[in-house]
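# Got a predicted structure here, sequence first:
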2 protein chains.
Amino acid sequence: MKTIQAVTYPVHFQNKAYQELSNLIETNNYSTLFILVDENTLEHCYPKFIPNLETDKRIELIEIESGEINKNLETCVGVWNAITELGGDRKSLMITLGGGVITDLGGFVASCFKRGIDFINIPTTLLSMVDASVGGKTGVDLGVLKNQIGLFANPEMVIVDTDYLTTVSKREIKSGTAEILKYGITYDLKLFKEIKNSKELDINKLIHRSVSIKNEVVLQDPKEQGLRKILNFGHTLGHAIESFYLESEDKENLTHGEAIAIGMVCECFMSSKLLGFPSEKVSEVKEVVLSIYNKTNLLKEDFSAIMEMLKHDKKNVNGQVNFVLLNDYEDYKIDCKVPEELIIESMEFYNS
Amino acid sequence: MKTIQAVTYPVHFQNKAYQELSNLIETNNYSTLFILVDENTLEHCYPKFIPNLETDKRIELIEIESGEINKNLETCVGVWNAITELGGDRKSLMITLGGGVITDLGGFVASCFKRGIDFINIPTTLLSMVDASVGGKTGVDLGVLKNQIGLFANPEMVIVDTDYLTTVSKREIKSGTAEILKYGITYDLKLFKEIKNSKELDINKLIHRSVSIKNEVVLQDPKEQGLRKILNFGHTLGHAIESFYLESEDKENLTHGEAIAIGMVCECFMSSKLLGFPSEKVSEVKEVVLSIYNKTNLLKEDFSAIMEMLKHDKKNVNGQVNFVLLNDYEDYKIDCKVPEELIIESMEFYNS
């Protein structure tokens, strides 16, 4: 598949990407390569990756524990200490090999180590391939608040090799599909219809299309002043729901995609009430979402805790929650204020 | 004094700066002003500052404990949590009011909160006025390693009001003087001679000159590829000595300036041995340093621990320590390798 050129870095696909990686390492004469993995990517992805890496540079492996719960500053401090003890300097390169936790955290760690070393992202999950890999967002959670601490920082290169997807669960693939759905609903109706109507998804094609879309959007609005906010569609309420489930010890966590899918259904509903988004399209989105994900039963008694989570959304200004809503498919409106009752009504609609 | 225009922001001096501040706050329509202080600047500087601040925005005060020992990620997490609990959003403004710990840490905290909010530095010590205030370096220490974690990030404005200097100790003023000396030795011989020959220093003039020099240097080389490295003169060994004293529980800490002054004497000595820097100038620098600072007795038995600290200097590449040395006054050479014996000899020279 064709290389996609992002703002300051390329996204290379499949096998030829590794040749580009070797060239980059040679050209920049890095002193040491630090490869960041978790226990899963160490076991399943590292053995696929390492034979592709042609270099005589020193390689050091740093392992963190998997899971969103470890995407925090404590883990960063552990990695910073490890790099320090292993003699990392400003000419070190960080290679992140993993899902969104690894790529987001690794990019942040690299960007802050001695005021910044180069890094390369190798996403190994569908979610990180289609979302985290392009756009330059790095960061970690603060308590249960997702990505509260972080930076805009661009990798030197992103490598998308769909071979790694054989290492992840079906549930993870479904999770990533939510982001592809989002690109479809907000930016590329053809893509949405393709997902709706396909019996079997051509995942390689969907990934390439998704990365292209995200890149187009980010190139036009790197700092999220306008257009880029469409990437938050479904994420405002979705993140709040995700955080709430993460925090609730008696509930099984939702994947990011499961939460965002619920968020998209709810935000379509809000859109229909506030902006005249056609109600049959609300139903269409709900139907597609429920054809992919099991229905989550949002409990009435949890609504107020979810509303509380919304108050910490990064897009809020002056305590006002800002939604990105839709006038229609591919037609968005940013900075929408939504009455609390309507947010609750939207969750009831999802439940119904 | 005349405003100095740095890369992306102005440095305003004395009283008229506050009018500029009020204008900036009005223009940007910030949602909340977070003022970061420590217990000292809260008591002595905040009461001077607040009557000058004309605004109807919400003001929230965040206090951290003073001291280099608190310039760490734990303190950052405390400030991030405080901003979060106080409803900080992306339109919040951080105003740092204090010495280098406050301005460095506050700039880092602001730059990483929700991927970056605006900040303004109001340095209240001589050291932070002439050093930390310009140049866009933010960061915190990792263990005893100074500024190991951080970023290049520019404030919206810097306010230098020398009235705050009445609130700091003589020892702090002396500490800041080391940086002014450094500008003199490496970049502006006239300034060095002025310090050498003056009975009474015109501190306002020295500050304005120092900020101008640092700004000139940073504008020419923002990312420290070449010229900017002169700002590290005296700092390579100086930082190692400072860290060593900070870590040694049985020794009184050195101020940054005291450590850097020792570093400058030693690095002049290394320069004379390696680059032919004239030996009478080594003596001149040592003499000026000892006319300002009490002599520290560097113990032979501590040399190896100090050498150990050098190994973590941020400028190192491939485990090699890189010094900035001098061919002559105002004439530098970057990336100099210095044999371990000569580093030790230079400390013995300082002691002699």
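Structure received. Numbers count the residues shown, from 1 in each chain, chains lettered A, B, ... in the order given.
# Which pLDDT value belongs to residue A:213?
The score at residue A:213 is 95. That number is its pLDDT.
# Report how many residues lie close to it.
Burial measure for residue A:213: 22 neighbouring residues, criterion other Cβ atoms under 10 Å in any protein chain shown. C-beta: built from backbone N, CA, C; applies to glycine.
# Leaving out sequence neighbours, find the closest residue to it.
residue A:183 (4.6 Å; Cβ to Cβ, 6 or more residues apart in numbering or on different chains).
# My guess is the one you found contacts residue A:191. True?
Yes: taking Cβ atoms under 8 Å as the definition, residue A:183 is a contact partner of residue A:191 at 6.0 Å.
# buried set for the strand or helix carrying the residue nearest to residue A:213?
Following DSSP states H and E, one finds residue A:183 within helix A:170-187. Neighbour counts over helix A:170-187 (16 or more other Cβ atoms under 10 Å in any protein chain shown) mark A:172-187 as buried.
# If you count contacts, what does that helix end up packed against?
Using 3 or more Cβ pairs under 8 Å, 6 or more residues apart in numbering or on different chains; DSSP states H and E, the elements in contact with helix A:170-187 are helix A:126-127, helix A:189-197, helix A:203-220, helix A:256-275, helix A:279-292.
# residues touching residue A:285, list them.
A:185, A:264, A:265, A:268 (Cβ atoms under 8 Å, 6 or more residues apart in numbering or on different chains).
# wait, which of the helices and strands packed on helix A:170-187 is closest to residue A:305?
helix A:256-275 (14.2 Å; Cβ to Cβ).
# who's in contact with stretch A:240-253?
Applying Cβ under 8 Å, 6+ apart, the contact partners of stretch A:240-253 are A:68-69, A:144-146, A:254, A:256, A:259-260, A:262-263, A:298, A:302, A:305-307, A:309-310, A:313.
# ok, for the residue of the stretch 101-250 of chain A found nearest chain B, nearest residue in space, not its chain neighbours?
Closest contact between the stretch 101-250 of chain A and chain B, by Cβ to the nearest Cβ, is at residue A:114 (4.5 Å). Leaving aside its chain neighbours, residue A:114 sits nearest to residue B:314 (4.5 Å; criterion: Cβ to Cβ, 6+ apart).
# With residue A:219 instead?
Per Cβ to Cβ, 6+ apart, closest to residue A:219 is residue A:7, 6.0 Å.
# give me every residue that touches that neighbour.
Residue A:7 touches A:136, A:154, A:218, A:219, A:222, counting by Cβ under 8 Å, 6+ apart.
# one more time with 10 Å
Taking Cβ atoms under 10 Å, 6 or more residues apart in numbering or on different chains, we find residue A:7 in contact with A:134, A:135, A:136, A:154, A:215, A:218, A:219, A:222.
# On the three-state scheme, it is what?
Here residue A:7 is recorded as coil under DSSP: H, G, I helix; E, B strand; the rest coil.
# cool, residue A:297 as well?
coil.
# Let me know whether the one helix or strand residue A:34 maps to sits next to chain B.
Remark: residue A:34 resides in strand A:32-38, with elements defined by DSSP H and E. Yes: using Cβ under 10 Å from any Cβ of the partner chain, we find that strand A:32-38 touches chain B at residue A:32.
# And that strand, what does it pack against?
helix A:39-44, helix A:46-49, strand A:58-64, helix A:73-85, strand A:93-98, helix A:100-112, strand A:118-123 (3 or more Cβ pairs under 10 Å, 6 or more residues apart in numbering or on different chains; DSSP states H and E).
# List the buried residues for the first one?
By neighbour count, with 16+ other Cβ under 10 Å as the criterion, the buried positions of helix A:39-44 are A:40, A:41, A:42.
# Reformat those residues as TSV; add pLDDT and distance to residue A:336.
Shown next, in TSV, are the buried residues of helix A:39-44 (pLDDT from 0 to 100; distance: Cβ to Cβ, whole Å):
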residue	pLDDT	distance to residue A:336
A:40	97	38
A:41	97	38
A:42	98	43
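# Dump these to TSV, plus distance to residue B:121.
TSV is the format used below for the buried residues of helix A:39-44 (distance: Cβ to Cβ, whole Å):
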residue	distance to residue B:121
A:40	43
A:41	41
A:42	42
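# What residue spans form the domains of chain A?
A:4-167, A:170-351 (automatic domain parsing).
# Single out the most deeply packed of those.
Here the criterion is mean neighbour count by mean count of other Cβ atoms under 10 Å in any protein chain shown, and of these the winner is domain A:4-167, at a mean of 20.
# distance between the ends of it?
24 Å (Cα to Cα, to the nearest Å).
# before we move on, what about stretch A:218-232?
End to end - Cα to Cα - stretch A:218-232 spans 12 Å.
# in the sheet, who's paired with the closest residue to residue A:129 other than its chain neighbours?
Nearest residue to residue A:129, sequence neighbours excluded (Cβ to Cβ, 6+ apart): residue A:123, at 4.5 Å. Counting by DSSP bridges, residue A:123 forms beta bridges with residue A:98.
# Tell me which residues touch residue A:123, please.
A:11, A:96-100, A:102-103, A:129-134, A:158-161, A:164-165, A:176, A:207, A:211.
# Ok, residue A:175 next?
Here residue A:175 is in contact with A:99-100, A:125-127, A:168-169, A:254-261, A:292-293 (Cβ under 10 Å, 6+ apart).
# Dump stretch A:25-42 to PDB, restricted to CA.
The C-alpha trace of stretch A:25-42 is given here as PDB (Å, rounded to 0.1, in the frame of the first residue of the first chain):
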ATOM      1  CA  ILE A  25      18.200   4.700  11.700                       C
ATOM      2  CA  GLU A  26      21.300   4.700   9.500                       C
ATOM      3  CA  THR A  27      20.800   8.300   8.300                       C
ATOM      4  CA  ASN A  28      20.300   9.700  11.800                       C
ATOM      5  CA  ASN A  29      23.100   7.700  13.400                       C
ATOM      6  CA  TYR A  30      21.200   7.100  16.500                       C
ATOM      7  CA  SER A  31      23.200   6.000  19.600                       C
ATOM      8  CA  THR A  32      20.800   3.500  21.000                       C
ATOM      9  CA  LEU A  33      17.300   2.100  20.000                       C
ATOM     10  CA  PHE A  34      14.900   1.700  22.900                       C
ATOM     11  CA  ILE A  35      12.000  -0.500  22.100                       C
ATOM     12  CA  LEU A  36       9.000  -0.100  24.300                       C
ATOM     13  CA  VAL A  37       6.700  -3.100  24.600                       C
ATOM     14  CA  ASP A  38       4.200  -4.600  27.000                       C
ATOM     15  CA  GLU A  39       4.100  -8.300  28.000                       C
ATOM     16  CA  ASN A  40       1.800  -9.000  25.100                       C
ATOM     17  CA  THR A  41       3.600  -7.300  22.400                       C
ATOM     18  CA  LEU A  42       6.900  -8.600  23.800                       C
END
